[in-house]
Structures are given as C-alpha cells and as structure tokens.
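J.: quick one, what's the 3D model for this:
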Amino acid sequence: MELIYCCGLMIPAGELCPSCGVDPDLARVEAAAQIEHDQKLAERQAQEDADSRIDAARQRLAAAKDRRAELARSREPREVTAGMVAVCCLAEILAEATGTGLKQFTVRYSGGAISDDRFSYPIVLDLAGLTMAPTLVANMDGQRAAIVGHIPAAGASIDDGTLTLRGVVSGAGPDAQKFSQSAEQDFPWSATIDAKPLKVVEFGAGMTVEVNGRQFDGPILVARKSKLFGVSFSARGTDDSCVTVEAVPPDMAD
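T.: Coordinates of the predicted model:
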C-alpha cells in the first residue's frame, strides 16, 4: 500500500488526510503543476527581459549609427550663402606712364585664405571659378563716384594661383589726381578687389581642399564661383597676405 505524507501523518493513497481533509495525492499533483507553471512564468519573464534588453541595445546601435552618419555628413562639403566681400591686396603703383600718357597700377590677390571676425571661417576665392564684370572700375575708398581709373579687359590675368589686375589711372577728377600725385611720392596705397561669391562651399574640420594650387585645411569656406566688379584704393595699410575681408555696399553688385 502506498503511503503519502501529509500534516505529519502517513496517509494511504486515495484517502483524505484526517487533519486537513485534503487528498494528499491530488495536492501533490497540484503542487507539481503550480511549480511547473511558476517555472514557465519565470522563463517567459526572463525571455521578455532579454528581448527588452536586446531591443534597447538595438536602439542604442541605431542611434550611434545615426550619429556617425550625421558626423560623416558634417565632414562632407556643403554649400552655404555669403554676401559680397572685398579682399585686401597688395597694390603696386607705377609712376611711368603708358603710351597714352596714363599712369599704371597693378593689384594682386595671392589666392590665399582671408580671415575676418565677421565670417565663421576663413574664405578663399577659387580663381578657377572667377568671372569678370564687363567693366572693371577702380575707385577711391569704395565710392563709385570717386573714380581713379579702370582695368582694360586685357589687364586681368590669372597665373600660378594669383590674380593680377593691371589698370590705368584714367579718371579726370580730384580722386585720380590725388592718387597719382601721392603715388609719385611713393605713398603706400592699399587696394581691395570687390567680388561677389556666387557659390560658396564649406569644408569642415578634418577636411582638406585644394584651391588655387595649394592645400587648405578645414574648417574653411571656398567661393567656387564668384564675380569680380572692380578695385578700390584706400590709405589703410596692408600686406600681401590677403588677410582682410570687409563688407561692400549692396549697390556694388548692380
């Protein structure tokens, strides 16, 4: 006869426990079923927790991938907008006259980077994309009416990454006379070339770009296309490193 332990007593199988009134055999089966149920519940909960951790890890990986993609995009060149700029350059004044009796001047842009607090990054004018206005006028201090002279079509040239503008003092007013007379006394005039960027590309940190035959490290702006409108002389001192950029009145672009 099979005996089953219950409430401190050994109860024959199939009989009820005299103490609790429960069939010990049935209670054993129910207890085993409950244990199995609890085990399955624990396994299912563990699986759900594991799935949740996996989903969270996948989300973190996806976010990291997005961040890497965004970083990669930030390192790709991107087109930006910019207003007109005036690049301060070295000016040479030739006292001798041309065949027409007009004095000559020469202005050069070395093709280098120009830095200014009003721009987020230095900017370079890509001479390969520079076009000329039909008439290139030289004036004084950016004033269109203060005419000094002009640059003939044959006077503009680009060679070895340098823009050279050769013009004549053809103005008949007091500004042209002041310019010529001061030049005869070796006054150190400085000059700006007034250009309007038509397409500007930003190169981020860690990038390198070749412009005008030289390498530039980012962050930097490159005016891939621009249009030259003229030259302006001033008494402000400068050097040949092209380090100054200044705003130009909007009517310069007319």
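J.: residue ranges with poor pLDDT in this protein?
T.: 1, 4-6, 24, 67-76, 79-101, 116-119, 236-254 (pLDDT under 70).
J.: distance check, A50 against K103.
T.: A50 sits at a distance of 87 Å from K103 (criterion: Cβ to Cβ, to the nearest Å). C-betas here are computed from N, CA, C, even on glycine.
J.: touching, I220 and S120? I think so.
T.: No. Counting by Cβ atoms under 8 Å, I220 stays clear of S120, with 10.1 Å between them.
J.: which of those two has more neighbours?
T.: The neighbour count for I220 versus S120, taken as other Cβ atoms under 10 Å, is higher for I220 (21 against 11).
J.: what's the end-to-end length of stretch 2-17?
T.: Distance between the two ends of stretch 2-17: 14 Å, counting by Cα to Cα, to the nearest Å.
J.: wait, I meant stretch 203-222
T.: 8 Å.
J.: before we move on, what about stretch 178-194?
T.: Span of stretch 178-194 from end to end, Cα to Cα: 21 Å.
J.: what residues of that stretch count as buried?
T.: 179-180, 183, 189-194 (16 or more other Cβ atoms under 10 Å).
J.: equivalent analysis for stretch 123-131, please.
T.: Buried, per 16+ other Cβ under 10 Å, within stretch 123-131: 123-127, 129-130.
J.: narrow the residues you listed to those in strands?
T.: 123-125, 130 (DSSP state E).
J.: and those as JSON lines, adding distance to K227?
T.: Supplementary listing: those in JSON lines, determined by distance: Cβ to Cβ, whole Å:
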{"residue": "I123", "distance to K227": "15"}
{"residue": "V124", "distance to K227": "16"}
{"residue": "L125", "distance to K227": "11"}
{"residue": "L130", "distance to K227": "7"}
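J.: care to break this structure down by domain?
T.: As assigned by automatic domain parsing, the chain contains the domains 3-74, 78-253.
J.: nearest to V209, of the ones in strands among the buried residues of stretch 123-131?
T.: V124 (8.3 Å; Cβ to Cβ).
J.: now do the contacts for the closest one.
T.: When contacts are counted by Cβ atoms under 8 Å, 6 or more residues apart in numbering, V124 touches 111-114, 211-212, 216, 220-223.
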